[in-house]
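Sequence below, structure please.
(chains A and B)
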Amino acid sequence: MRMSTPTRTPKVLAIDAGGTMCDTFVIDADGEFVVGKAQTTPEDEANGFARSAADALRYWDMNVAEAFPTLVSGVYSGTAMLNRLLSRKGGRVGLLVTAGQEDYLLLERGIQTYLGYSYSDRLHVQTHVHNVPLVPRDRIHGIPERIDLFGKVAIPLYEDETRAAVERLVDDAVDAICVCLLHSYRNPAHERAVKRIAVEIMRARGVDVPIYLSSDLYPVRGDFARLNTVMIEAYAAAPSRGQMENVQASCEANGAHFDLRVMASHGGTISTKARELARTLASGPIGGVVGARHLGQLLGLKNIVCTDIGGTSFDLALITEGTYQIRSNPEIARFVLALPQVQVDSIGAGTGSFVRVNPTSNRIELGPDSAGANIGMCYLEGGIDTPSVTDCHIVLGYLDPNYFLGAEITLSRARAIEVVESRIARPLGLDVYQAAEGVIEILEDSLRNQVYSTIVGRGYSPRNFVCMSYGGGGPVHAAGYTRNLGFDDVLIPTWAAGFSAYGCSCADFEYRYDHSVAFPVSADLPDEQKQGLIARVNEQAEALKEKVRAEFRSNDVAEDQVQFELLFRVQYAGQLNDLEVGTGKSHLDDFSDIEAVIADFEDLYAKVYSLAARSPELGFLITTLVVAGRSDVEKPILPTRPCVGEIPSADARKGEREVYWRGEFLTAEIWNMEKIVPGNVIRGLAIIEAPSTTVVVPPDSLVELDEHMILHLRLRAASSGAKE
Amino acid sequence: MTTSYPDRQIEDLIDGKLPFSEIHKMLSSFKDPARFDQYVAIMQGRVPWEDTILLPYGVHLFIVQRPDGQRVVKCDCGHEFGDYRTNWKESALVKVRDSEASLLELYQTMTHCDPEWMELREFFCPGCVALLEVEALPPGYPLVFDFLPDLETFYRDWLGRELPH
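All right, here's what the predicted structure looks like:
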């Protein structure tokens, strides 16, 4: 993807190092951008990234050494840490837990034996399997002690047993010790005492290994998720720090002056020096959501449905009133974690999803597994033995087999037709085109149901939303999965394929700390209790702010450049599910601030569940205090170009192709996305091709490119604006 | 499109050499209709005798068709237990663990059953002394006849062919 003007001042760099490809997104001072791609190099990420950046800058006739000195911001999102975790190649960790809890990793709370499974696999117990523990049982020691849920000491810490356990871990030559004791988020005294004892012993024995306390890193309720998170911090995150520093060093070697930041699960970016690096693990699909929010702010759109179709999954997120929801117990790589994560729902349906006919029911089934980087059977070198959705695209003529990834890869249409015919059409008694179209309908129906139920399930209507479609496969199906839902508008950024990397570059420099509390709130609290509550909240918030300040200090960001926001997670007393509400303030002034929080919580609860489900009779419980600190960073600006007329230039038209559409072959006009300019309108049936994405415009629809290089998809009849 | 697997994969499955990720895939996929015949063919190739296997019957055990027309339970070592309609356990070697001492050979203290209430009966092949089956029953309970298959119906209605004679 390329847009050209003579002189360039690259400002922002974003790197998305995926499992197979490393994408680089570079934006200049005018908001124009280039996207580069290179094969990932897992053993040395700095290498793959450097080649990917060079690939992007090539479009501007620049090299890395010319471009890097003018960059003011760089964001990295990679899978190195995830790979380390999945391949179990992490550190040699020892665990100290409350006596009686030593079998945490063998039991896995049951739930981890089937996390990430399809519905039927969750039902069938013979598919459940325990993960290989990150820490073997003989390096997990129990320490007699007990703190109850109110934070009171029920059994004092047994110091002799603690010493013996630490001695054994030191004998075992561990390179990190994690401590996770019950209810330490309420009272960290025992964990701190364990650390003091461990430090004494290690000093006496002349060893020095880092000690990770759960009360220090992730002081949140839920001992198993807390243990997992602390353990992964020591096992996978700390050893990956070096890799991120290599990327930083490689930037500096090319003259860059910025501090590389890493995308984190809470939707902000953090420094590679951050204490809590594990949260960069769960940042996969959220880049696009952050990008959509940023784009929404620039365009004045408050309610956005973010839809991202990649090769393996469909990721869906809602932005309402300009914010996304945060979930507090994400699951990643079959671990339950205690981290804040931008709420994204994924279903296993993408363009690479396998298509099969179930011999029992004689119905088409999609996924959940997929061809991934091997595309489908039409890609002869891929060695795949099951047709995928992409094979159906090729059969129908949606995709040009000679222009896949900008003609980097050639696909075989004959092979696609042959396998869709023999594996899908014949068993169902259909012709090959009907069968391929049936597959696309099933996919789009299931995506549309997912979009609809997510919006309606949160108490909204699609009419309040615009839909943003991105990812390599989003624009192919956007018309299909938004049909008849009545969205206000459907937006397809022309940089859809690099949208995740773009999103990373839009993220704030933001740290966020959560702390579990249990503050009951009701309207009839006596005044002195109200005062006491305000004081306690402000006191705990101050401790969290100090952590945030410390993080920013390590990156030389002055305190007056940091804006703090205090957020709360609140639930009705006696219920189990909390919701997060912001205050827009950095501390509480008086009880009216709490009342405002409660009112916002009730509004949100009414939207998420229903008005009638609200249950304020027993009062409210503040379960978690959250402090977020943000510092301004350079973000991409939106390009604005003059609109020039509806008719695209002649050289934008690539030709025409026969496309099977609703039972017959129609002639579709084929357009080159790079040659379309703002103001151009393209009417269906048309296909707009870019190297890494394709937009399908149905016969009854049109797309218009606006001055910000965003395509708007609408029904033809309603050319005045609103869709349907 | 029907699912099928190469013989090699079924052999690895039998030998416990498949990684769980592969087993999981097989468990979650559509059934492979040819599996019974494929499995029997593999087992037929592994046993040192010629009689036709009619039905795999347990670990080491098969119901086979003898040339004289009899259908008997046969161990993979070649030992025959007699007609499949009588319980093969009656002619197996048996070791009964009905005392604390004998149970402690297998279990840690306090983890075994109360021999007053339950005993373990281990059945071995008189030919090769392979452990074939273990019963856990109250003392005095008769031998359990685990499995009396209706071979004719199975062949006719499920496999769609007549039982070989």
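
Can you give me the neighbour number for A:N83?
For A:N83, the count of nearby residues is 16 (other CB atoms under 10 Å in any protein chain shown). Where you see a C-beta, it was placed from the backbone N, CA and C, and this is true even at glycine.

can you tell me which helix or strand it belongs to?
Taking DSSP states H and E as the definition, A:N83 sits inside helix A:80-86.

list the buried ones in that helix?
Residues of helix A:80-86 classed as buried: A:A80, A:M81, A:L82, A:N83, A:R84, A:L85 (neighbour count, 16 or more other CB atoms under 10 Å in any protein chain shown).

How about residues contacting it?
With contacts defined as CB atoms under 8 Å, 6 or more residues apart in numbering or on different chains, helix A:80-86 is touched by A:17, A:19, A:42, A:45, A:90, A:134, A:232, A:235-237, A:239-240, A:243-244, A:277-278, A:280-281, A:284, A:332-333, A:335.

what stretches of chain B score poorly on pLDDT?
B:1 (pLDDT under 70).

Please apply the same query to chain A.
In the predicted model, chain A carries pLDDT under 70 at residues A:1-6, A:18-20, A:41-43, A:284, A:718-724.

CA atoms only for the helix holding A:N83 - export them in CSV, please.
Extracted C-alpha coordinates of helix A:80-86, given in CSV (Å, rounded to 0.1, in the frame of the first residue of the first chain):
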residue,chain,number,x,y,z
ALA,A,80,8.0,-13.9,21.1
MET,A,81,6.7,-14.2,24.6
LEU,A,82,3.7,-16.3,23.6
ASN,A,83,6.0,-18.6,21.7
ARG,A,84,8.2,-19.0,24.7
LEU,A,85,5.2,-19.9,26.7
LEU,A,86,3.7,-22.3,24.2
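
ok so, going back, which two among the buried residues of helix A:80-86 are spaced furthest apart?
Within the buried residues of helix A:80-86, two members stand farthest from each other by CB to CB: A:A80 and A:L85, at 9.8 Å.

what are the ranges of the strands in chain B?
Assigned by DSSP state E, chain B shows strands spanning B:52-58, B:61-65, B:71-75, B:80-83, B:93-97, B:119-124, B:131-137.

Which one, of the ones you listed, ends up nearest to chain A?
strand B:52-58 (18.9 Å; CB to the nearest CB).

Each with direction, which strands does the closest one pair with?
Sheet pairing of strand B:52-58 (DSSP bridges) gives strand B:61-65 (antiparallel).

Give me the domain ranges for chain B.
Following automatic domain parsing, chain B resolves into domains at B:1-46, B:47-159.

and those domains as JSON lines, adding mean neighbour count?
Listed next are the domains of chain B as JSON lines, based on neighbours: other CB atoms under 10 Å in any protein chain shown:
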{"stretch": "domain B:1-46", "mean neighbour count": "13"}
{"stretch": "domain B:47-159", "mean neighbour count": "15"}
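
now the ones you listed in JSON lines, with distance to A:V456?
Shown next, in JSON lines, are those (distance: least, CB to CB, whole Å):
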{"stretch": "domain B:1-46", "distance to A:V456": "31"}
{"stretch": "domain B:47-159", "distance to A:V456": "46"}
